[in-house]
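1. missing the sequence, but the structure's below:
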């Protein structure tokens, strides 16, 4: 195998990853000009890390099943040893701890004279997000064609969201008028008797007319906390934006109020004019709910022990103290069809392609700043845990877990990097880590005191470098007040001690990457957005010569040979023979020459098995 760094992509068109032009930087991160001796030593070690040759890496679908089967059987055998402890914690300790917490909260509320007020218990998940992200604010922007005033938006929000009621007269979304108050045993959702819509939907005093002004304004708001004495949300209406005088709706809310997927479903189903919502694929639940529950009980404690003893990331993006100031950026619109075509050609998913491009952007970013051979790093991915039931009412709240996954920044070559991302993503999706992490955090929040549970939860999920989220939007264009919605973008702030957050939002035929970063880690997130776009262009250029089913024209041409055979084949649009078909023909000719007495009087076409066996050989990620 050659040591050339471009050999990984040579089979897909000979495009070098290092040959793509990289734009210049506007600012310098901390590790390029640090004066701390410890940071200088770590940067020197990382910048002088020797180059390791890329090993031969195969597509995950082409790997042998036997080693994985043996590993899974050994894992189950070890997990069964911890099963009695898991059953004791879930069936005995958890119900008793929940009962005593509720009893203490009731007694405390009665002493304050609030026994008959209509407050609701905050779920364990809401309590967890209040503890882990007190200084975090989620921001979503919606660009609407034409000008909308704050009074018009208030009227629409009142009718469709805030005062929307069910058939029995109850509010469908009561959290818009509730505030979260602390108690002796957690938090409670209590109706805000002083609720005023003017405090939540308004026009800011700042004048914002272009993209740069909006980015600076949102960067300042990224660290501005929401008032806790009122419902944890606000909607700012920014009119006269840009040359076309559009309207920007800037929605800011706390993660305990709702997550990104719930917010998107709520907006598409109730806020926008057209109520079209594509079905969501549940991570767990449905027909496999019972099986997944058994897996969590059997493997739960062993998974928690593994997560507790995992080594934290050691890289320049995770180390310095956070500055407390953040920067926000977002990429230009990328065609969804482009990413979809890459996923079909490489036998991967759209999420795999997007995460691969993020990984490649991080690799290029570190190489640009003096680290030629970056080490691998990890990220946490919010995994949705909802059970998708048809015609189910949309409810606010947070119902996802955080799963840890490796980002192969150390892997050179876009195609091998994509296959590694697919391998790690498939492992996370099929593993019990998301469900176990969710159960463990809920158990810790109930059993342990607040400080202890927060410390253990941070050990479970906060040993990574960044967070990567994905919010799928409507697949078709929507409108608000009969005005087209041109853009939807989402930003989730980093949690715990993380300083970098990647957020992917899809809407219509577009995909956008948005980034929130601490200024001490990545002061120029817009540069990462440019590198992300270049990674998409790189994969597109590498695979432009590859086909997916339906992209070629199949023409059957009859050729009368000496023995009267009729041969059919696949031809390109320009009339040339497909290289794959040419290889099949040559193989067939050699086999027919061994038996000259046989005569074929019908059309000969390669079987699907033959096509698959030949195509699988061409997907080997190597230059040899």
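-> Happy to help now that I have it. These numbers were taken from a predicted model, which means no experiment stands behind them. Numbers count the residues shown, from 1 in each chain.

2. following the host helix or strand of residue 424, which helix or strand comes up?
-> Per DSSP states H and E, residue 424 falls inside helix 414-430. Next in sequence after helix 414-430, counting helices and strands by DSSP H and E, comes helix 433-447.

3. how much does that following helix deviate in direction from helix 414-430?
-> Orientation check (axes from the mean of the first three to the mean of the last three CA atoms, to 10 degrees): helix 433-447 against helix 414-430 gives 50 degrees.

4. tell me the helices and strands packed up against helix 433-447.
-> helix 94-111, helix 124-132, helix 289-308, strand 400-407, helix 450-461 (3 or more CB pairs under 8 Å, 6 or more residues apart in numbering; DSSP states H and E). Glycine gets a C-beta too; all of them are placed from N, C-alpha and C.

5. again, 10 Å this time
-> Secondary-structure packing of helix 433-447 (3 or more CB pairs under 10 Å, 6 or more residues apart in numbering; DSSP states H and E): helix 83-88, helix 94-111, helix 124-132, helix 289-308, strand 377-384, strand 400-407, helix 450-461.

6. now the helix holding residue 424, how far from the chain's geometric center?
-> 13 Å (CA atoms, centre = their mean, to the nearest Å).

7. and what of stretch 253-273?
-> Worked out by CA atoms, centre = their mean, stretch 253-273 lies 17 Å from the chain centre.

8. i'd like the first residue to be 875 from this point on
-> With 875 as the first residue, the last one maps to stretch 1127-1147.

9. straight-line length of it, end to end?
-> End-to-end distance for stretch 1127-1147: 22 Å, by CA to CA, to the nearest Å.

10. what comes up buried for it?
-> 1127-1142, 1144-1146 (16 or more other CB atoms under 10 Å).

11. tell me which of those residues fall in strands.
-> Judged by DSSP state E, the buried residues of stretch 1127-1147 include residue 1127 as members of strands.

12. show the end-to-end separation of stretch 1094-1111, please.
-> 17 Å.

13. tell me which of the helices and strands packed on helix 1307-1321 sits nearest to residue 1108.
-> helix 998-1006 (17.6 Å; CB to CB).

14. now the closest one: average pLDDT?
-> Across helix 998-1006, the average pLDDT comes to 76.

15. and if you look at stretch 1022-1036?
-> 91.

16. pLDDT below threshold where in the stretch 925-1074 of the chain?
-> In the predicted model, the stretch 925-1074 of the chain carries pLDDT under 70 at residues 925-938, 982, 986-992, 1006-1009.

17. could you pull out the strands for it?
-> 994-995, 1012-1018, 1052-1057, 1060-1065 (DSSP state E, counting those that start in this stretch).

18. can you check the stretch 1325-1474 of the chain too?
-> Using DSSP E, counting those that start in this stretch, strands in the stretch 1325-1474 of the chain cover 1340-1346, 1353-1354, 1357-1365, 1374-1381, 1384-1392, 1440-1441.

19. in the third one, which residues are buried?
-> This points to strand 1357-1365. 1359-1365.

20. so for residue 1051, what's the nearest residue that isn't a sequence neighbour?
-> residue 1069 (4.8 Å; CB to CB, 6 or more residues apart in numbering).

21. and what of residue 1312?
-> Closest to residue 1312 by CB to CB, 6+ apart is residue 1275, at 3.7 Å.

22. distance-wise, check that neighbour relative to residue 1002.
-> Noted for residue 1275: a distance of 10 Å to residue 1002, by CB to CB, to the nearest Å.

23. common neighbours of those two, please.
-> Residues touching both residue 1275 and residue 1002 by CB atoms under 10 Å, 6 or more residues apart in numbering: 1312, 1315-1316.

24. by neighbour count, which of those wins?
-> residue 1315 (25 neighbours; other CB atoms under 10 Å).

25. check what pLDDT it gets.
-> 79.

26. gap between it and residue 1219?
-> From residue 1315 to residue 1219 the distance is 39 Å (CB to CB).

27. coming back round to it: distance of the residue nearest to residue 1051 from residue 1050?
-> Counting by CB to CB, the gap from residue 1069 to residue 1050 is 9 Å.

28. who has more neighbours out of these two?
-> residue 1050 (24 against 15).

29. who touches that one in this structure?
-> Residue 1050 touches 1031-1032, 1035-1038, 1066, 1069, 1071, 1074, 1105-1107, 1127, 1131-1132, 1270, counting by CB under 10 Å, 6+ apart.

30. for these, which ChimeraX command selects only the ones that are buried?
-> Buried residues within the contacts of residue 1050, by 16+ other CB under 10 Å, are selected in ChimeraX with:
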select :1031,1035,1036,1066,1071,1074,1105,1106,1107,1127,1131,1132,1270
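
31. so which of the contacts of residue 1050 are in helices?
-> In helices, defined here by DSSP state H, the members of the contacts of residue 1050 are residue 1031.

32. for residue 1173, grab the count of nearby residues.
-> 24.

33. contact partners for it?
-> 949-950, 952-954, 956-957, 960, 1180, 1305-1307, 1309-1310.

34. okay, and the common contacts of residue 1069 and residue 1050?
-> Common neighbours of residue 1069 and residue 1050 (CB under 10 Å, 6+ apart) are 1036, 1105.

35. coming back round to it: would you convert the helices and strands packed on helix 1307-1321 into JSON lines that also reports distance to residue 1376?
-> Formatted as JSON lines, the helices and strands packed on helix 1307-1321 follow (distance: least, CB to CB, whole Å):
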{"stretch": "helix 957-962", "distance to residue 1376": "34"}
{"stretch": "helix 968-985", "distance to residue 1376": "34"}
{"stretch": "helix 998-1006", "distance to residue 1376": "18"}
{"stretch": "helix 1163-1182", "distance to residue 1376": "22"}
{"stretch": "strand 1251-1258", "distance to residue 1376": "8"}
{"stretch": "strand 1274-1281", "distance to residue 1376": "10"}
{"stretch": "helix 1324-1335", "distance to residue 1376": "16"}
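
36. fine, thanks again, bye for now.
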